[in-house]
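Visitor: sequence and predicted structure are below.
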Amino acid sequence: MDPAIIAAVITTPTAVIAAAAAYAAGRAQARAAHHGPIDAVRRQHQRDAYAALTRAAWSYLGSAGLVKHLVEQVNRARLNDRELTPEARARLWGMWDRTSLSRDDVADVLAPADIPPAIGRALRWLERVSPTWRQDIHDANKIDDVAHAESVVALEGPDHLAELAERIRRQAVSVQHCWATAAFTPFKPLLRQEMECEVPLDKMLADLKESIQAFTQAARAHLNTH
């Protein structure tokens, strides 16, 4: 066989293989060039979502902590079912929709019955510390930003961060519920579904803080490795 033909036969597979490799490399580069900007945008969206949740959660934790002493004072003075007659309790429960709640207001509603001592002491303390204590608790107890930010993290993922974000939201909701119970139904015995509010308030806030820190650490690790 002609040496030129033999050389052509031998080199043809090598050339084909080289061409295929070059084609594959070209496609890989094209995919990388295409996905690179998309991945960068996705990472930025995730970063923004994680930052928004941590910012909202820390803000709510700080606000709730500022009025914790008011909530504690209310909780110390909760009645039991034997401290007032059913009629007096009904009159007292009927005044919860008032914007302000002073010792004089309670005395007028309960007359001729006396104000239970614990409520009297609590109201004197609350009026001295903050006459607008009910509004103070209400204003500090808004978790809309936390809930919105958590929903964005749930969409952005990944799953382990979405789960940590949900834990933050659940704990914030628990704090909100207990603070709202103090603001809107002060001194009233807790209902069965409100028993979570018997957990020490410091522990509730500490648990929320721990969850925020866990999410922050996990989010940082994710962003630094992807």
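Guide: Received it, and whenever you're ready, just let me know what you need. Residues are numbered from 1 along each chain as shown.
Visitor: quick one: the helices in this protein, in order.
Guide: For the chain, applying DSSP state H gives helices covering 3-66, 68-76, 86-93, 103-110, 117-129, 133-139, 144-156, 159-184, 201-225.
Visitor: out of those helices, which gets the lowest mean score?
Guide: The stretch with the lowest mean pLDDT among the helices of the chain is helix 3-66, at a mean of 69.
Visitor: that older thread, ok, which of the helices of the chain comes nearest Met195?
Guide: When the helices of the chain are compared by Cβ to Cβ, helix 159-184 sits nearest Met195, at 10.3 Å. Yep, even glycine has a C-beta here, placed from its N, CA and C like the rest.
Visitor: distance of Leu155 relative to Ile212?
Guide: Distance, Leu155 to Ile212, by Cβ to Cβ, to the nearest Å: 20 Å.
Visitor: looking at these two, which one has more neighbours?
Guide: Taking other Cβ atoms under 10 Å, Leu155 and Ile212 do not tie; Ile212 has more neighbours (23 against 9).
Visitor: mind listing what the closest residue to that one other than its chain neighbours touches?
Guide: Once flanking residues are discounted, Ile212 sits nearest to Ala57: 4.7 Å by Cβ to Cβ, 6 or more residues apart in numbering. By Cβ atoms under 8 Å, 6 or more residues apart in numbering, the contact list for Ala57 reads Val146, Ala149, Ile168, Ala172, Leu208, Ser211, Ile212, Phe215.
Visitor: buried subset of the residues you listed as a ChimeraX selection?
Guide: Here is the ChimeraX command that selects the buried residues among these (16 or more other Cβ atoms under 10 Å):
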select :146,149,168,172,208,211,212,215
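Visitor: sort out which one of the contacts of Ala57 lies nearest His69 for me.
Guide: Using Cβ to Cβ, Leu208 is the member of the contacts of Ala57 that sits closest to His69, with 17.1 Å.
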